[in-house]
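Visitor: Predicted model and sequence below, questions to follow.
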Amino acid sequence: MFQTLLFVALPGEIVGSLAVLTGEPSFFTMRAKVDTIVVTISKVEFYSIMREQPSVVLNVAHTTAVRIAPFVRQIDFALDWMMIEAGKALFRQGDQSDSVYIILTGRLRSVRTHHNGKKSLVAEYGRGELVGIVEVLTDTARTTTIMAVRDTECAHLPGDLLNLIKRKYPQIVTRLIHLLGQRILGHIETRDEVHMNLDHVSGIDKKVSVGNLSTIAVLGSNQDVPLTSFTLELQHSLQAIGLTTRLTSKNYRQTKRKFNWCMIFDMVEKQMENIAVRAQKELVLLHEEDAESPKGTIEWLNARGWCSSHHHIRCPKRVLKKQAEVRVVESYERVYQTKPDRLSDFSRLARFLTGTSVGLVLGGGGARGLSHIGIVKALLEAEVPIDMVGGTSMGSFVGAVWCEDRNITRFTQRCREWSMDMTSIWQKVLDLTYPITSMFTGQSFNVTLEKTFKDRQIEDLWIPYFCITTDITSSSMRIHTHGSLWRYVRASMSLSGYLPPLCDPIDAHYLLDGGYVNNLPADVMKQLGANSIFAVDVGSRDSTESYNYGDKISGFWLLANKWSPWSETVKVPDMAEIQSRLAYVSCVRQLDHVKNSDYCEYIRPPIDKYGTLQFGSFDEIAVRY
């Protein structure tokens with residue numbers, strides 16, 4: 001490894017003082033050239049000496065300054081330290097780009113204002129990140145407005161100083177160009193790789209990465225909320241991810257500008273809307289350990305406009321147990337000696353807060369999608385958590401059942417019962433109609449889904465969930481994160497020609513099977529905040545086997561051939577298989593991107609021999625993992 005000599009310390013000189021004074025790790029290594037005797041002074045002792053002997057400060061300052069290169073001292077002279085209050089703008093969209101900023105403490109948020117007046121969140125920046133570098137290097141006006149989420153301290157780097165550094169050290173240009181390329185490519189990928197119709201994604205799901213959060217405030221709505229036990233339980237789960245410090249404060253005014261995110265429990269008073277207006281607020285709904293599926297979540301959210309997102313959390317009995325605060329702290333001393341359950345809701349919340357959520361994406365493929373059940377079982381057996389679920393077509397159904405229940409036995413049984421309903425010949429016959437829009441009215445299929453999900457809303461699911469549909473009214477992909485669960489699952493499973501499009505109850509748009517636009521939406525899962533993603537593909541694959549039946553074919557002849565024991569077997573795809581292959585072909589480019597991406601694990605179960613409507617083979621397909 002190439003090494004550069006910075007300085008040589010002689011007898012009587014101090015080394016390591018810069019790291020002690022700044023609190024930052026040392027950026028150089030000290031080695032003894034000869035046998036050396038050194039005196040080690042702790043940080044506490046060092047500060048004590050400077051307090052008792054102020055003249056020592058001058059000696060330390062002189063020693064530190066001498067060892068700093070003249071050019072570095074010039075940079076230090078040109079830098080300005082500035083403080084931006086929470087809610088204030090560092091600069092605004094359209095301003096002249098003449099400076100770069102380095103965040104020392106705090107958090108900044110980038111917001112873009114569009115021509116129609118709407119605003120969109122672009123990114124968030126934390127400690128140590130550069131802000132405004134792209135516009136300065138390209139000599140363009142500011143493309144976004146930068147707001148302070150909390151009180152933020154920045155180092156102001158003038159554009160002229162940046163030019164001086166580039167002239168004196170040309171090699172730094174290569175690094176800056178690389179940084180610029182990463183920023184630009186990041187925006188291009190966000191814009192082009194995921195063709196989302198964001199107007200139909202609920203605001204709570206338009207998230208940026210939360211991996212660099214540093215401070216979170218936890219507020220209770222009343223005295224009955226178990227804040228102490230909740231924060232201790234959350235800290236226990238967070239400790240498995242990284243170092244965490246739990247602080248308490250009886251004076252809210254001293255802390256209201258010090259956090260990035262705000263988590264609030266249960267009912268919240270009107271004044272919550274005014275708390276740290278720039279902080280993102282999350283509603284956490286606490287449930288007993290054996291609670292049934294939540295209901296009425298949408299009413300909570302509609303009454304709380306300040307809410308950015310919500311989380312349903314099942315609590316261990318120790319969290320909701322009423323006891324004195326001292327007893328709670330003492331009891332958690334024993335809890336902290338054990339490893340946190342990575343499959344618990346608290347661990348899921350901890351991963352969400354640290355940007356390390358695990359997402360499961362389930363693709364469409366008709367009856368082949370029953371193998372998703374086996375994938376879920378395999379993940380649980382390997383103790384792999386499932387923090388977010390997204391699906392298309394059959395994947396949307398299996399994913400929704402899991403998010404609603406999370407009991408592997410009931411989950412499997414409910415999927416089996418629905419599959420048996422799908423094998424009923426009489427239901428199909430009674431649902432036939434004159435094929436102007438589709439072969440079936442959709443009533444029979446609707447009944448099977450209503451029986452499975454009843455009046456459940458997506459907001460009521462234990463785990464964050466989305467499904468994909470094709471909007472043939474606006475010719476776009478739709479991502480559903482809220483609303484009637486059975487309706488949007490039905491829309492996501494509606495093969496053209498078989499079932500009529502579902503009319504969206506919100507805007508009356510016609511929705512069809514999501515497989516026509518994105519049969520394996522791992523890219524959507526990535527955009528919604530998942531860090532690790534498992535993508536399960538069960539779509540129809542191209543078959544090289546075919547039968548040349550000429551220019552036309554009779555359905556009656558195919559039916560007779562199928563029933564006759566003396567006829568040669570003819571392999572001709574049926575309507576369902578053709579529709580499934582069409583969905584696969586239309587998404588082949590997006591699927592190749594998922595296969596080759598570095599942000600997800602691509603999984604293909606051994607289910608190619610099963611047909612799209614072969615629901616009668618449930619027990620065979622469901623264990624194919």
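Guide: Cool, the structure landed.
Visitor: Pretty sure Thr113 sits against Arg92.
Guide: No: here Thr113 lies out of contact with Arg92, judged by Cβ atoms under 8 Å, at a distance of 9.1 Å. For the C-beta atoms, the positions are set from N, CA and C on the backbone; glycine is no exception.
Visitor: Could you tell me which residues touch both of these two?
Guide: Thr145 (Cβ atoms under 8 Å, 6 or more residues apart in numbering).
Visitor: what helix or strand does the nearest residue to Asp504 once chain neighbours are set aside sit in?
Guide: Of all residues beyond its chain neighbours, the one nearest Asp504 is Leu511 (5.7 Å), with distances taken as Cβ to Cβ, 6 or more residues apart in numbering. Using DSSP states H and E, Leu511 falls within strand 510-513.
Visitor: next structured bit after that strand?
Guide: helix 522-527.
Visitor: What helices and strands are in contact with that next one?
Guide: With contacts taken as 3 or more Cβ pairs under 8 Å, 6 or more residues apart in numbering; DSSP states H and E, helix 522-527 sits against strand 358-362, strand 388-392, strand 465-471, strand 532-536, helix 588-596, strand 600-603.
Visitor: CA atoms of the following helix or strand past the fourth one as CSV?
Guide: Sequence order places helix 555-563 as the next helix or strand after strand 532-536, per DSSP H and E. Extracted in CSV, the C-alpha atoms of helix 555-563 (Å, rounded to 0.1, in the frame of the first residue of the first chain):
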residue,chain,number,x,y,z
GLY,A,555,-62.0,-25.4,-30.7
PHE,A,556,-64.3,-28.3,-31.1
TRP,A,557,-61.6,-30.3,-32.8
LEU,A,558,-59.2,-29.5,-29.9
LEU,A,559,-61.9,-30.6,-27.4
ALA,A,560,-62.5,-33.9,-29.2
ASN,A,561,-58.7,-34.5,-29.5
LYS,A,562,-58.3,-33.9,-25.8
TRP,A,563,-61.0,-36.4,-24.8
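Visitor: Report the buried residues of stretch 227-237.
Guide: Using 16 or more other Cβ atoms under 10 Å as the test for burial, stretch 227-237 gives Leu227, Thr228, Ser229, Phe230, Thr231, Leu232, Glu233, Leu234, Gln235, His236, Ser237.
Visitor: unless I'm mixing things up, the fifth one is touching Leu247, no?
Guide: No: with contact defined as Cβ under 8 Å, Thr231 does not reach Leu247; the gap is 9.2 Å.
Visitor: any idea how far Val401 is from Thr407?
Guide: Rather than Thr, residue 407 is Asn. Using Cβ to Cβ, to the nearest Å, Asn407 is found at 10 Å from Val401.
Visitor: Settle it for me: which of these two has more neighbours?
Guide: Taking neighbours as other Cβ atoms under 10 Å, Asn407 and Val401 compare with Val401 leading, 25 against 11.
Visitor: Next up, the contacts around the more buried one.
Guide: By Cβ under 8 Å, 6+ apart, the neighbours of Val401 are Phe411, Arg414, Cys415, Thr452.
Visitor: Report pLDDT for it.
Guide: Note for Val401: predicted pLDDT of 97.
Visitor: Using CSV, write out every CA atom in the helix or strand it falls within.
Guide: Per DSSP H and E: Val401 is located in helix 394-405. C-alpha atoms of helix 394-405 as CSV (Å, rounded to 0.1, in the frame of the first residue of the first chain):
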residue,chain,number,x,y,z
MET,A,394,-51.4,-14.3,-8.4
GLY,A,395,-48.5,-12.8,-6.3
SER,A,396,-50.8,-10.0,-5.2
PHE,A,397,-53.3,-12.6,-3.8
VAL,A,398,-50.8,-14.7,-2.0
GLY,A,399,-49.0,-11.7,-0.6
ALA,A,400,-52.2,-10.1,0.7
VAL,A,401,-53.2,-13.3,2.5
TRP,A,402,-49.8,-13.4,4.2
CYS,A,403,-49.8,-9.7,5.2
GLU,A,404,-53.3,-10.1,6.7
ASP,A,405,-52.6,-13.2,8.8
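Visitor: List the buried residues for the next helix or strand after it?
Guide: Next in sequence after helix 394-405, counting helices and strands by DSSP H and E, comes helix 408-422. Buried residues in helix 408-422, counted by 16+ other Cβ under 10 Å: Phe411, Thr412, Arg414, Cys415, Arg416, Trp418, Ser419, Asp421, Met422.
Visitor: ok and helix 408-422 relative to helix 394-405, angle-wise?
Guide: Per axes from the mean of the first three to the mean of the last three Cα atoms, to 10 degrees, the angle that helix 408-422 makes with helix 394-405 is 140 degrees.
Visitor: helices or strands up against helix 408-422?
Guide: Short answer (3+ Cβ pairs under 8 Å, 6+ apart): helix 408-422 packs on helix 371-381, helix 394-405, helix 443-453, helix 618-621.
Visitor: what's the most buried one of those helices?
Guide: helix 394-405 (a mean of 27; mean count of other Cβ atoms under 10 Å).
Visitor: What distance do you get for Gly616 to Thr423?
Guide: 5 Å.
Visitor: Could you do Val44 as well?
Guide: 75 Å.
Visitor: Could you check which of the two has the larger neighbour count?
Guide: Thr423 (15 against 8).
Visitor: what sits against the more buried one?
Guide: Thr423 neighbours (Cβ under 8 Å, 6+ apart): Phe615, Gly616.
Visitor: before we move on, the earlier item: need the helices and strands packed on helix 408-422 in JSON lines (columns: distance to Phe7).
Guide: Putting the helices and strands packed on helix 408-422 into JSON lines (distance: least, Cβ to Cβ, whole Å) gives the following:
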{"stretch": "helix 371-381", "distance to Phe7": "54"}
{"stretch": "helix 394-405", "distance to Phe7": "60"}
{"stretch": "helix 443-453", "distance to Phe7": "70"}
{"stretch": "helix 618-621", "distance to Phe7": "69"}
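Visitor: And these: which comes nearest Thr143?
Guide: helix 394-405 (36.2 Å; Cβ to Cβ).
Visitor: what's the distance between the closest one and the middle of its chain?
Guide: Distance, stretch centre to chain centre, for helix 394-405: 19 Å (Cα atoms, centre = their mean, to the nearest Å).
Visitor: How about stretch 285-302?
Guide: For stretch 285-302, the distance to the chain centre is 22 Å (Cα atoms, centre = their mean).
Visitor: List of residues touching that stretch?
Guide: With Cβ under 8 Å, 6+ apart, stretch 285-302 has contacts from 204, 225-226, 230, 265-266, 283, 307, 310-317, 319-320, 404-405, 456-457, 459-462, 482.
Visitor: cutoff 10 Å now
Guide: With Cβ atoms under 10 Å, 6 or more residues apart in numbering as the test, stretch 285-302 has contacts from 202, 204, 225-226, 230, 265-268, 283, 307, 309-320, 344-345, 403-406, 454-462, 482-483.
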